[in-house]
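Chemist: Okay, here's the prediction I keep looking at, along with the sequence it came from:
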Amino acid sequence: MTKQHLEKMNNCSNESDDINYNGWDPYLWPPFTQIGSTPPPKRAVKGSGALIYIDNSPPLIDGISSWWVTLHGHSNEYIANAISKQAKELEQIIFADFTHPQAEKLAQRLSSHTGLKRTFFSDNGSTAVEVALKIAYQWWQNINEPRQQIIAFEGAYHGDTFGAMALGERNLFNAPFEEMMFAVTRVPWPSTWWGDDSVEKREQKALLQLEQYLETPTAAVILEPIIQGAGGMALVRNKFLQEVEKLVKQTGALLISDEVLTGFGRCGALFASQRAGLQPDLMSLSKGLTGGFLPMGITMAHEKIFKAFVGVEPDKTFWHGHSFTANPLGCAAANASLDLLEQNPSQYKTFENRHRPHLEKLSKHKKVSHSRVVGTIAAFDLAGSDVSGYLNPSGRIVKEIAMSHGVFIRPLGEVIYLLPPLCISDEQLEQCYSTINLALEQA
């Protein structure tokens, strides 16, 4: 390294000492946050059920399941005990050379629930999507019919690793990497809401465009079934998704269902693909998979896909893996979470009925538009917002007011939503809605 380079680095280091970090922890780097313009976070010290306990403050109702992962609530005793028991038996093993009972049990159960036989383990939602994408792309090479085109939907978010990032909407978050991402063909996502009388026209336009794009040999089409999460809780009709699947399968392209958010009861069925009437070729899972206890990702694959990777030729192998693939503790948590879902399916199947009367009442507010609900997810747009998208400041104002009254939400720009844990009480859910109403009055 030259003397000039060292001097430049030292100057940068000295300049950073003058930056105002606004009271943030000097050793932490938070996700999706510009600390130069954001107040420091609260310090969580405990979680129980739907509550987050904060240092020197009253508890908060967790209105978004801590980024959509805490499925059954914080510190669920049944899952915690399952992890504790497993930790005393086998905490970690290299999955390339060994299997173990928890992974075998989980794979069999997920196969039964999804209709997809093969289970590939990874460690988060983005890598679960990345794995699905790589499998789909290599599958066409393995069967000696290479296809290049990948189709995704406008507004989508599939993760932040490079492949998953390329699939998502190109925007501020990934702009620095634009030149490094592969091309993706995009189709409109005809989102809808209560009282929407023009959705069929938008659906037909999207389907026509998809049909035209599919004239080019396509490796895979990826979608978030029923609802795009980070894209603004954008809901589409089941009928539209069924037409998408029909067009995709007519051309032989593979259908990838990204259920990182929508899986495990979030949309009123165990998997959103089931509620939508879809049978994808590949399915990506994470978030609620372990009940929010441990990071884990899974990609489910149809047996016909798996067979093309089996043989004596090394180049047919799927060369992908993670150190913590099928971690026994994560598998134990996932099996315990599945136990709870199977024991009480009405909890997620009827949650939409709990949201509906509250949202119907709130929808009459002059600042509320485009109300929609599916399963455990309820959302609306702030009416009259001048700026659309994640950087709209109005959502942050609503968030701050709501938190000051005991409810934690994290709006997506002008989109306000609730996605609470299944265990939330009727009183706590009512408090979420009344607090949001109060925040709308004060914002």
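Modeler: It's in.
Chemist: Which residues are in contact with A439?
Modeler: A439 sits next to I397, V398, I401, A402, H405 when contact means Cβ atoms under 8 Å, 6 or more residues apart in numbering. All C-beta spots, glycine's among them, are computed from the backbone N, C-alpha and C.
Chemist: Turn these into CSV, columns for secondary structure, pLDDT and neighbour count.
Modeler: Output for these, formatted as CSV (DSSP: H, G, I helix; E, B strand; the rest coil; pLDDT from 0 to 100; neighbours: other Cβ atoms under 10 Å):
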residue, secondary structure, pLDDT, neighbour count
I397, helix, 94, 16
V398, helix, 96, 22
I401, helix, 97, 19
A402, helix, 97, 26
H405, coil, 97, 16
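Chemist: quick one, what contacts the residue lying closest to V368 once chain neighbours are set aside?
Modeler: Closest residue in space to V368, ignoring its immediate chain neighbours: F380 at 4.9 Å, by Cβ to Cβ, 6 or more residues apart in numbering. If you count contacts by Cβ under 8 Å, 6+ apart, F380 has them with L359, L362, S363, V368, S369, H370, S371, R372, V415, I416, Y417.
Chemist: Tell me the secondary structure of the residue positioned nearest the centre of the chain, please.
Modeler: Ranked by distance to the mean C-alpha position of the chain (Cα atoms, centre = their mean), the top residue is L261 at 3.4 Å. Under DSSP: H, G, I helix; E, B strand; the rest coil, L261 falls in the coil class.
Chemist: how much space is there between the closest residue to A87 other than its chain neighbours and E104?
Modeler: In this structure, A87 finds its nearest non-sequential neighbour in L329, 6.0 Å apart by Cβ to Cβ, 6+ apart. The span separating L329 from E104 equals 15 Å under the rule Cβ to Cβ, to the nearest Å.
Chemist: higher neighbour count, those two?
Modeler: Neighbour count, other Cβ atoms under 10 Å: between L329 and E104, L329 has more, with 21 against 13.
Chemist: quick one: contacts for that one?
Modeler: I83, Q86, A87, E91, Q92, L294.
Chemist: ok, so of these, who is nearest F318?
Modeler: Comparing those against F318 with Cβ to Cβ places Q92 closest, at 21.9 Å.
Chemist: That closest one: neighbouring residues, count only.
Modeler: Applying other Cβ under 10 Å, we find 14 residues neighbouring Q92.
Chemist: got the contact list for it?
Modeler: F324, N327, P328, L329.
Chemist: among those residues, which are in strands?
Modeler: Members of those lying in strands (criterion: DSSP state E): none.
Chemist: So which of those residues are in helices?
Modeler: If you go by DSSP state H, those have P328, L329 in helices.
Chemist: Can I get the buried part of the contacts of Q92 as one PyMOL selection?
Modeler: Selecting only the buried entries of the contacts of Q92 in PyMOL, with 16 or more other Cβ atoms under 10 Å as the criterion:
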select buried, resi 324+327+328+329
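Chemist: and which of the contacts of Q92 is nearest to I61?
Modeler: Taking Cβ to Cβ as the measure, L329 is the one of those closest to I61, at 28.2 Å.
Chemist: quick one: contacts for S369?
Modeler: For S369, the set of contacting residues under the criterion of Cβ under 8 Å, 6+ apart consists of W193, F380, D381, L382, A383.
Chemist: Partner strands of the helix or strand harbouring A220, with direction?
Modeler: Using DSSP states H and E, A220 falls within strand 218-223. Within its sheet, strand 218-223 is paired with strand 149-153 (parallel), strand 254-258 (parallel), according to DSSP bridges.
Chemist: Spit out the contact partners of F318.
Modeler: Contacts of F318 were listed using Cβ under 8 Å, 6+ apart, and they are F120, K134, I135, Q138, F309.
Chemist: Now the two most distant members of those.
Modeler: The most widely separated members of these, counting by Cβ to Cβ, are F120 and Q138 (12.4 Å).
Chemist: which regions of the stretch 101-250 of the chain sit below the pLDDT cut-off?
Modeler: Low-confidence regions of the stretch 101-250 of the chain, defined by pLDDT under 70, are absent; no residue qualifies.
Chemist: which residues of it fall in helices?
Modeler: Residue ranges of the helices in the stretch 101-250 of the chain, as given by DSSP state H, counting those that start in this stretch, are 101-114, 125-142, 162-167, 199-213, 238-250.
Chemist: most neighbours per residue, which of these?
Modeler: helix 125-142 (a mean of 24; mean count of other Cβ atoms under 10 Å).
Chemist: Identify the residues contacting that helix?
Modeler: With contact meaning Cβ under 8 Å, 6+ apart, helix 125-142 is reached by 120, 122, 146-147, 150, 158-164, 167, 219-220, 222, 254, 256, 258, 260-261, 281-287, 297-299, 301, 305, 308-309, 316, 318, 320, 322.
Chemist: PyMOL command for the buried members of these?
Modeler: Provided next is the PyMOL selection string for whichever of the contacts of helix 125-142 are buried by 16+ other Cβ under 10 Å:
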select buried, resi 120+122+147+150+158+159+160+163+164+167+219+220+222+254+256+258+260+261+281+282+283+284+285+286+287+297+298+299+301+305+308+318+322
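Chemist: in what helix or strand does A378 lie?
Modeler: Counting by DSSP H and E, the secondary-structure element that holds A378 is strand 377-382.
Chemist: now, which of the contacts of F380 sits nearest A443?
Modeler: Set against A443, the nearest of the contacts of F380 by Cβ to Cβ is I416 (10.1 Å).
Chemist: in the sheet, who's paired with the closest one?
Modeler: According to DSSP bridges, F380 are recorded as the beta-bridge partners of I416.
Chemist: circling back: now the contacts of S369 as JSON lines including distance to R43?
Modeler: Below are the contacts of S369 laid out as JSON lines (distance: Cβ to Cβ, whole Å):
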{"residue": "W193", "distance to R43": "37"}
{"residue": "F380", "distance to R43": "31"}
{"residue": "D381", "distance to R43": "32"}
{"residue": "L382", "distance to R43": "29"}
{"residue": "A383", "distance to R43": "35"}
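Chemist: Just the buried ones among those, please.
Modeler: Using 16+ other Cβ under 10 Å as the burial test, those include W193, F380, D381, L382 as buried.
Chemist: now the residues you listed in JSON lines, with distance to Q250?
Modeler: As requested, the buried ones among the contacts of S369 are arranged in JSON lines below (distance: Cβ to Cβ, whole Å):
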{"residue": "W193", "distance to Q250": "30"}
{"residue": "F380", "distance to Q250": "36"}
{"residue": "D381", "distance to Q250": "35"}
{"residue": "L382", "distance to Q250": "40"}
